[in-house]
Each structure stands twice: as structure tokens, then as C-alpha cells.
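A structural model of the following input is requested.
(chains A and B)
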Amino acid sequence: MIKITTKDGSYQDYSKGITLGEIASSISPGLAREAMAGKVNGEIMDLMQPIYNDSLVNILTFEDLEGKKAYWHTTSHIMAQAVKRLYPDIKLAIGPSIDNGFYYDFDTEKPFTPEDMESIEAEMAKIIKEDLKLERFELPREEAIKYMQEIGEPYKVELIEDLPDDSVISFYRQGEFVDLCAGPHIPATGKVKAFKLLSLAGAYWRGSEANKMLQRIYGISFPKKKQLNEYLDRLEEAKKRDHRKLGRELDLFSILDEGPGFPFFHPKGMVLKNILEDFWRTEHTKRGYEEIQTPIILNKDLWTRSGHWDHYKENMYFTNIDDGEYAIKPMNCPGSMLLYKRKMFSYRDLPVRMGELGLVHRHELSGVLHGLMRVRCFTQDDAHIFMLPQHIKDEIIGVIDLVDYFYKIFGFSYHVELSTKPEKAMGTDEEWNTAIDALRAALDERGMEYKINEGDGAFYGPKIDFHLKDSIGRTWQCGTIQLDFQMPERFDLTYIGADGEKHRPVMIHRVIFGSIERFIGILIEHYAGVFPAWLAPVQVRLLSITDRSAEYIKGLKKMFEDRGIRLEMDLRNEKIGYKIREARLQKIPYMLVVGDREVENQQVAVRSRKDGDLGAMNVDDFLDKIQNEILEKK
RNA sequence: GCCAAUAUAGCUCAGCUGGUAGAGCAACGGUUUCGUAAACCGUAGGUCGGGGGUUCGAGUCCCCCUGUUGGCUCCA
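Here you go, the predicted model:
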């Protein structure tokens, strides 16, 4: 007998060799039904796995991340099986689960068509109905390679050859289909209740442009039909919020064929951009930042000195002036370095915080451009902080506080990642450790949880990234703080220490919004275009019932504008319902209906986009209400 | 950049196997002066992304170019 402890701390004896699935059944039939995989002493396993020793066992369902992964991974095998049944000559590459579903890469001469997807789905439904059991087996390396050669799967052979010497080489069989796979998998294909193939795409073998382009099919699956529908509804919801669609409908920005990746901001989009920038300036001034502006075009020598010529040339644009070579800046830092060097700093002057809303241009591959999210020119809300080593922790805390303050105002929650030294890095391990310790100390002192991204830092220093979460649960990397040893060295930055000698300052490089353009894109989708009053390009629209109220409305317009309210008038000869509909579609926070009654009482009838008809109010009361709302940024 | 899909009026889209373009909304003109999500009538609007080819004839078929969309990172 062996002793099995479950996650609630209770334990029970079972006979040796019992499987996880049987344990789940003994706990409850419901759990047996929902069980997808299990964890034995922290190690993820199939339910079919027998246990021989006393163990701590946790049964995983679809509610657990690892349970989902197993579920999706099995669905990807079902898809591959269906493809092999329909097209026996197609070669299999890889088919993992991902954050939302799964994919499988296939090598096929003839790309899949949408009709093929339908027949694959139909075949998958058959495989699910057959309720094939999944069995795991292991083979020694040579046999595994031979086996895959025999069944004609060259990509699998390559994968096995690249596995480390000590790794267990496992396979999963379901009916006639066998695939190399580490697992775990759910016990039978019949457990997959609802699935859908979502998209087709090309993908390089092993993600490298040097390799062959394979055909990838993405899909998703759920234990309940309802969950699948909810997921598809969420995708629809995301589509409705698409900033490219809303950007056009709300007349905020456009990207024209004449400038791929170079956004045009319309007057209303510009209002939004200016509000964000004004807010940024105000908050930075309060925190001891100075603002600078450096040129967009600077000569080749500068970019050689900064290292960009060697490390970033592929992403840069160039031009000639007279006989000299120039580059259009992809980053603001070299310009900032020059401004630091304009004069001598004493240790008493530091830290120096130089902010710049700098327009940078970067050559992005044409295929990656995406609305405002991925562009070829954008405004970075950059700042470089030059300081003494002992300032590092406090300065970083200052930036963390600032990021926190900003994101909370927009209603974003966020998580933090700390990235450490990459393979190809400049500087010594000692320098890196000091820097990482400083970043960590700042995070710890601030009591922040963070994930470590081993080896994901910039080549010149470690970094803290802020990933914000929007209202429909997607995450976006925006803010970042990077410690940089390289630039101060390359530009020979100095300050005069208490000892009268020159010393090298430490520098950090940070952004809060990241790219203002991208941040606007995120805001549009986060709010679904329904901006809070402080951000709304038009805060109020005045609607006349008949043209008898036109003069009164024009008077209101002046009064509102004097109080800094952004407004529009709709004096057209249209019915009030029609005007309200249009104002609502434009997502304007307040609609003020003005007819004979309001003129007579010197009032306005307030309709809020959020709360509907609020009834008549005195004009001053309304102004106080909206101004308060704007002030509180609600 | 690569793979695939796609490009028709300001927007959303129709146009079957080739026979010289159509709807709704928007716009504009007129009528209606109306109380909280679409009044009525009418008018105008497109060298069908660009170039080349096949054909008696091309929005439709073929080739090239450009833009757009979804992917190409998440390692069996």
C-alpha cells in the first residue's frame, strides 16, 4: 500500500500502481469527469500514470492552467491525426498548446484553404467520437529515431536528435496516430467536447527565416460548448474594440497608403495626444524632471559612437545632407548624452532627470505593422536619469511610483518582470550583479511581486518591464526601466565627485507610456472608445430641439468654452432621437438637450452616455459636475 | 522580409461559370420645427488599388507591383 496525500492535506492508502485517474474517481465521480491531468510531487503527469510510492497528488482540471494546456495539447494531436488521415503525405512539425489554445505546424506542398479547415474539423469530430485512448510509451534514442524515419517524419527525427542526452523520449498513441511528445495528455479524445479551428498562417520551422515556411493551423477547445461560445464572443468583442476601426469612426487618426506605418493624427486624435502629453509634463515637472528636445536627424559619427551603427542599423533610416551621412533617430539617448555633456556636473547636482517626448523612427518589417500598436514612427515619453551609484534604488523606486500612479489613473492593473543578463552582454558579471541587485532591492522595498526573465535584459543592462492589463484581460508591455552602463562609458560622461576627481555617473533609461501612439491605441481598446470626460476629445454636445433654442445654445457654447470645456453643437433640423443616436455613436460623455423649456428656465437637460437621462439642471450645476469629473480624471 | 488571404462609392458590402457596375448608411438639395438611439422625398457619387497580358470583350482569368489583414516568440 502507498499513502497518497491530496492538496487539501487529507491522505488515504491505495494499492501500489494505482493511476491518477483512479485516485480522482475514488475522490468523486465529478472530479473523475473533470480531471485532465495530475501533479505528483509537483511533477505534471498523465492520469494514466501509475504511482508506486507515497506521494503528494493534485488532480488538475480545465480550471488549472496545466489542465488547460494538456487539454489543448491533446486537441492539437487530434487535429494532426485528422490532417494525417486526410493528407497522408503531409509531414508533422510541432504542435504545442499556447496561451489561448493550440497550433500545429505542417509541411505541405499545397497550402491549406478555408475549405480544408472544414474537412479537418469534420475529421476531428470523428476522432473525438471514436473516443480513442491515449497511451504513452518511451523508446531509447536510436529506436525512436528509427521509428520516426520509418513512418516518414523527418522533422520529428530532427527534434529527437536535438534532445539532450539524458532526456526521456516519449510518444503518445491514439488509435493509428503516434506523435513524439513530452505530454501530459488527457486520457481520451472523447473528452474534447467543443473545438474550433481559428486561423491559418505561415510559420518558419523553428521560427527562423532561414528555414522552410510551414503551414500552421491555430485552434481552441473547451470542455463545454458554452465556454467555446463565450470565447468566440470575446474575440468578437475585441474586434468591436479594434482601435483601427474606432480610430476611423471617431475621427481620431488614420494611416494612409502614402505612409505605411506613419500615422496621421486628426484634430480629435490630437486632442487626446496633447492631453496625455500635458498630463505627462505636469507630473514630470512635479517630480524634478527637466524637459529637453533633441534633433530628429543627427550625423553618422554620433550613431557610430553610440553603438547604434553596429547594433541597430537594420532598423534605422538614413539620409544625406551636403556630402555628409546622417541618420534619423531611432532612439533619443544619444541626443540626451550630448546634452548631459554640455556642461560639468558636480556630485551635488545629481541626479539629473532629463525627459524628452521624442519622435523616433524605426524601420519595422512591412508584415508587422499594425495600426497604432506597431508603427514606423512614434513618440517616446523618454527620460534619462544620470546619478550616483547610491541613488539607484531611490530613483528606481521613484520611477516605479510614477508608473503606478499613471496606470492606476487609467484603470490598468499590471505586473512586473525583471530581466537579467543575456548571452551577448557588455560589461562584467560584477557590474551586472550590482545592477540587478539594485533593481531587485528597489522592487523588494516597494513590496512588489515580480517575475524573473532570465537572460532577457538589454545588451547594455538589466531592466524592469511593466505589463499592463486592459479591460478585456489582454496584457501590453509599456513602461520599462533599464540600467545602462554602456552609454556613459561610450560618451565619457563624468561628474566631479567630493574628491575633486572625475567619476562616471550611472544612467537609467525609462519610459512610462512607452510609445504615446501605442498607448493611445491601447486606451481606445481599453475604453472601447468611450473615454472618460478628461480624455474625451469632445466632452459635451449641445443638441437643439428646434431652431428656437439656437441662440441660447450659442450663448452656452461661449460660456462652456470659457470654462475650458470641449464641445460641439448640433443645431441641425433633425429629430432629437436622431441627434442623440449620433452623439452616442460618437461616444460623447454628455449630451445636453435644449428646447423651449430649458431656454425658459435657463437650464440644460443632461443626458450622460453612461447613465442616460439625468433630467434638467442649472447650467452652473452642470459645469461644476463635469469640471469636477475632469479634475478627478474619472 | 516570408506564408496565406484580401483590395468595388466616404463607410459596410453585393456583383454566379468573362458581356463594359449595384444596395444600405453617410453626403448634398427640398419638405417637416419635431422632447431622449434612425422623419419623408429626391440628387449626386466609382478609369472596380496601380501596371502589363490573354480575349471580339476583363471588376471577373494570368503575371508583376503597392497597400491592408492574420501569422511567422511562447522550444516534442
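
Regarding chain A, what is its longest helix?
The longest helix of chain A (DSSP state H) is helix A:65-86.

How far off centre is the helix or strand that that helix is followed by?
Next helix or strand after helix A:65-86 toward the C-terminus (DSSP states H and E): strand A:91-92. Using CA atoms, centre = their mean, to the nearest Å, the mean C-alpha position of strand A:91-92 is found 31 Å from that of the whole chain.

just to revisit the earlier point, check which residues of the longest helix of chain A are buried.
Across helix A:65-86, burial judged by 16 or more other CB atoms under 10 Å covers A:66-85. From N, CA and C alone the C-beta is placed, and that goes for glycine too.

Walk me through the domains of chain A.
A:2-61, A:66-240, A:269-294+A:331-527, A:540-631 (automatic domain parsing).

Kindly reformat the ones you listed as CSV and extend each row with distance to residue A:310 and mean pLDDT.
What follows is those, written out as CSV (distance: least, CB to CB, whole Å; pLDDT from 0 to 100):
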stretch, distance to residue A:310, mean pLDDT
domain A:2-61, 44, 77
domain A:66-240, 21, 87
domain A:269-294+A:331-527, 11, 91
domain A:540-631, 47, 94
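
Please produce a markdown table containing those, extended by distance to residue A:316.
Rendered in a markdown table, the data for the domains of chain A read as follows (distance: least, CB to CB, whole Å):
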| stretch | distance to residue A:316 |
| --- | --- |
| domain A:2-61 | 45 |
| domain A:66-240 | 20 |
| domain A:269-294+A:331-527 | 6 |
| domain A:540-631 | 38 |
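
tell me, how many neighbours does the residue in the stretch 251-400 of chain A that RNA strand B sits nearest to end up with?
For the stretch 251-400 of chain A and RNA strand B, the shortest gap (CB to the nearest atom of the strand) falls at residue A:367, measuring 2.2 Å. Residue A:367 sits with 6 neighbouring residues when counted by other CB atoms under 10 Å.

again, but for residue A:280
Neighbour tally, residue A:280, other CB under 10 Å: 21.

Just the element for it, please.
Taking DSSP H and E as the definition, one finds residue A:280 inside helix A:267-286.

if I pick the residue nearest to residue A:351 when sequence neighbours are not counted, what's in contact with it?
Counting by CB to CB, 6 or more residues apart in numbering, residue A:351 lies nearest to residue A:387, which is 3.7 Å off, once chain neighbours are set aside. Residue A:387 sits next to A:350, A:351, A:352, A:395, A:505, A:506, A:507, A:508 when contact means CB atoms under 8 Å, 6 or more residues apart in numbering.

so can I have TSV of these showing distance to RNA strand B and neighbour count?
What follows is these, written out as TSV (distance: CB to the nearest atom of the strand, whole Å; neighbours: other CB atoms under 10 Å):
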residue	distance to RNA strand B	neighbour count
A:350	38	18
A:351	35	19
A:352	36	18
A:395	31	22
A:505	35	21
A:506	31	25
A:507	29	27
A:508	26	26
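
can you tell me which of the residues you listed are in helices?
residue A:395.

from the contacts of residue A:387, which is closest to residue A:41?
residue A:508 (42.6 Å; CB to CB).

Next, count neighbours for the nearest residue to the closest one once chain neighbours are set aside.
Nearest non-adjacent residue to residue A:508, counting by CB to CB, 6+ apart: residue A:385, 4.8 Å away. Using other CB under 10 Å, residue A:385 has 25 neighbouring residues.

wait, isn't residue A:385 in contact with residue A:395?
Yes - proximity of residue A:385 to residue A:395 meets the contact threshold set by CB atoms under 8 Å, at 5.4 Å.

All the helices of the stretch 1-150 of chain A, in order from the start?
A:20-27, A:29-34, A:65-86, A:114-130, A:141-150 (DSSP state H, counting those that start in this stretch).

Same list (those) but as a markdown table, adding distance to RNA strand B.
Formatted as a markdown table, the helices of the stretch 1-150 of chain A follow (distance: least, CB to the nearest atom of the strand, whole Å):
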| stretch | distance to RNA strand B |
| --- | --- |
| helix A:20-27 | 20 |
| helix A:29-34 | 24 |
| helix A:65-86 | 8 |
| helix A:114-130 | 8 |
| helix A:141-150 | 8 |
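
JSON lines for the ones you listed, including distance to residue A:242?
Putting these into JSON lines (distance: least, CB to CB, whole Å) gives the following:
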{"stretch": "helix A:20-27", "distance to residue A:242": "42"}
{"stretch": "helix A:29-34", "distance to residue A:242": "35"}
{"stretch": "helix A:65-86", "distance to residue A:242": "25"}
{"stretch": "helix A:114-130", "distance to residue A:242": "21"}
{"stretch": "helix A:141-150", "distance to residue A:242": "43"}
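
if you skip the residues just before and after it, what's nearest to residue A:11?
Per CB to CB, 6+ apart, closest to residue A:11 is residue A:5, 4.2 Å.

Next, count neighbours for that neighbour.
Neighbours around residue A:5, by other CB under 10 Å: 15.

quick one: it and residue A:14 touch, right?
No - using CB under 8 Å, residue A:5 is not in contact with residue A:14; the gap is 11.2 Å.

Next, the angle from the longest helix of chain A to helix A:114-130.
110 degrees (axes from the mean of the first three to the mean of the last three CA atoms, to 10 degrees).

so residue A:543 bridges to which residues?
For residue A:543, the beta-bridge partners are residue A:570, residue A:593 (DSSP bridges).

RNA strand B versus that one, what's the distance?
Distance of residue A:543 to RNA strand B, computed by CB to the nearest atom of the strand, to the nearest Å: 8 Å.

Skip the chain neighbours and tell me the closest residue to the residue of the stretch 401-550 of chain A found nearest RNA strand B.
RNA strand B sits closest to residue A:546 of the stretch 401-550 of chain A, with a gap of 3.1 Å, by CB to the nearest atom of the strand. What sits nearest to residue A:546 in space, not counting adjacent residues and going by CB to CB, 6+ apart, is residue A:595, at 6.8 Å.

Show me which residues of the stretch 101-250 of chain A sit near RNA strand B.
A:111, A:113, A:159-160, A:163, A:167-170, A:179-182, A:199-204, A:206-209, A:213, A:215-216, A:244-245, A:248 (CB under 7 Å from any atom of the strand).

State the number of residues packed around residue A:50.
12.

for the nearest residue to it once chain neighbours are set aside, what are its contacts?
Distance criterion CB to CB, 6+ apart; nearest residue to residue A:50, sequence neighbours excluded, is residue A:17 at 4.5 Å. By CB under 8 Å, 6+ apart, the contact set of residue A:17 is A:50, A:51, A:52.

Which residues does the first one form beta bridges with?
This means residue A:50. Counting by DSSP bridges, residue A:50 forms beta bridges with residue A:19.

which neighbours do residue A:385 and residue A:395 share?
Contacts common to residue A:385 and residue A:395, judged by CB under 8 Å, 6+ apart, are A:351, A:508.

returning to what we had before: give me the buried subset of the residues of the stretch 101-250 of chain A next to RNA strand B.
In those, the ones that pass as buried (16+ other CB under 10 Å) are A:159-160, A:169-170, A:179-182, A:203, A:206, A:215-216, A:244.

now stretch A:1-13, how far from the chain's geometric center?
For stretch A:1-13, the distance to the chain centre is 41 Å (CA atoms, centre = their mean).

Appreciated, that's everything.
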